[in-house]
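K.L.:
no sequence on hand, only this structure:
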């Protein structure tokens, strides 16, 4: 296969992947179902799911037939989420909790069941397994770990920033320092935000995250001598500063579902570790792809520039799209 054909194929692949991922970037935010036993056999239900542009995903929880609603459903839209709460009466010991429509989405549902005796269990329902068996619920201790991995891997804006860093820094040692700085920064602000020590409105945070990708794309297309002094000399400082903002973005996903207060430290740790695993997967996959492409085509400068322009175009669109609701 000739080099020009490989370059065109890579460019087409890049544009196709970015276009597809940008279309469902917000859909990957998880939904949250909390079922708490207030009295023996009586449960309060909280159903929380993401809303984008006044539209919600067509997913709903379905309880066993033996469960009888004892109150009307109260609905409230808060920020980017739809909240529904009601009460049901049943044992919740047989049958299954099913999320209708989940199999036709790419999102997950975190389910937390609290018992009157203080026992709690957390479960992660996915499109390929949208039901929770109540006779054998098998609590998933690592549910937040899986959620962290998926939030990074399917969070296109965070992925693009990490990919941009890999393309920007050819030296593996400098890349290691830069990624480490980015990791430490977003870990700090994620923890501060979840612990409610520092709070920032999610709208401006998401807008600045898009702007950080646009800035990185701009730096990538500029000749090295025309780049900012900060990115030329100490790119790890740039990654550190933007990492602080990305940490608040990661916290937004947890804000959508909440964290169990009795397992706050463990859940936060697992979610953060999941993010790091997802980050390592992305970096490793990209390095392998670049190595293979260069072995085949020799030079993939055109494909890289195509990717950078696609990344910058998406970032510019996101920046405008996220700023308009604020103003």
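P.N.:
Great, that's in hand. Here the structure is a predicted model, which is why all the values come from computation and not from measurement.
K.L.:
gap between residue 60 and residue 126?
P.N.:
16 Å (CB to CB, to the nearest Å). Yep, even glycine has a C-beta here, placed from its N, CA and C like the rest.
K.L.:
that's a strand at residue 124, yeah?
P.N.:
Yes: counting by DSSP: H, G, I helix; E, B strand; the rest coil, residue 124 falls inside a strand.
K.L.:
and the helices in the stretch 51-200 of the chain, which stretches?
P.N.:
Applying DSSP state H, counting those that start in this stretch to the stretch 51-200 of the chain gives helices spanning 143-153, 156-168, 172-194.
K.L.:
just the angle for the first one relative to helix 172-194, thanks.
P.N.:
Put simply, helix 143-153 runs at 120 degrees to helix 172-194, going by axes from the mean of the first three to the mean of the last three CA atoms, to 10 degrees.
K.L.:
can you list contacts of helix 143-153?
P.N.:
The contact list for helix 143-153, computed with CB atoms under 8 Å, 6 or more residues apart in numbering, reads 28, 30, 108, 110, 122-124, 140, 158-159, 250, 253, 257, 259, 267-268, 270-279, 281-282.
K.L.:
so which of those residues are in helices?
P.N.:
Using DSSP state H, 158-159, 250, 253, 257, 267-268, 270-279, 281-282 are the members of those that sit in helices.
K.L.:
from those, list the buried ones, please.
P.N.:
158-159, 250, 253, 257, 267-268, 270-279, 282 (16 or more other CB atoms under 10 Å).
K.L.:
residue 135 against residue 94, yeah?
P.N.:
Yes: when contacts are counted by CB atoms under 8 Å, residue 135 is listed as touching residue 94 (5.6 Å).
K.L.:
who has more neighbours out of those two?
P.N.:
Neighbour tally, residue 135 and residue 94, criterion other CB atoms under 10 Å: the higher count belongs to residue 94, 11 against 8.
K.L.:
surely the more buried one touches residue 67?
P.N.:
No: look at residue 94 against residue 67 with CB under 8 Å: they stay out of range, at 10.5 Å.
K.L.:
flag the shaky bits of the chain, pLDDT-wise.
P.N.:
1-29, 52-54, 79-80, 136-142, 253-264, 298-299 (pLDDT under 70).
K.L.:
can you give me the strands for it?
P.N.:
Ranges of strands within the chain are 31-39, 42-52, 55-56, 60-62, 68-69, 74-78, 81-89, 96-100, 109-114, 120-125, 131-133, based on DSSP state E.
K.L.:
quick one, which of those is packed in tightest?
P.N.:
With neighbours taken as mean count of other CB atoms under 10 Å, those reach their highest mean count in strand 109-114, at a mean of 22.
K.L.:
each with direction, which strands does that strand pair with?
P.N.:
Here strand 109-114 is paired, per DSSP bridges, with strand 31-39 (parallel), strand 120-125 (antiparallel).
K.L.:
what's that strand in contact with?
P.N.:
So strand 109-114 is in contact with 30-37, 59, 61, 92, 97, 99, 102, 120-126, 130, 132, 137, 143, 147, 257, 260, going by CB under 8 Å, 6+ apart.
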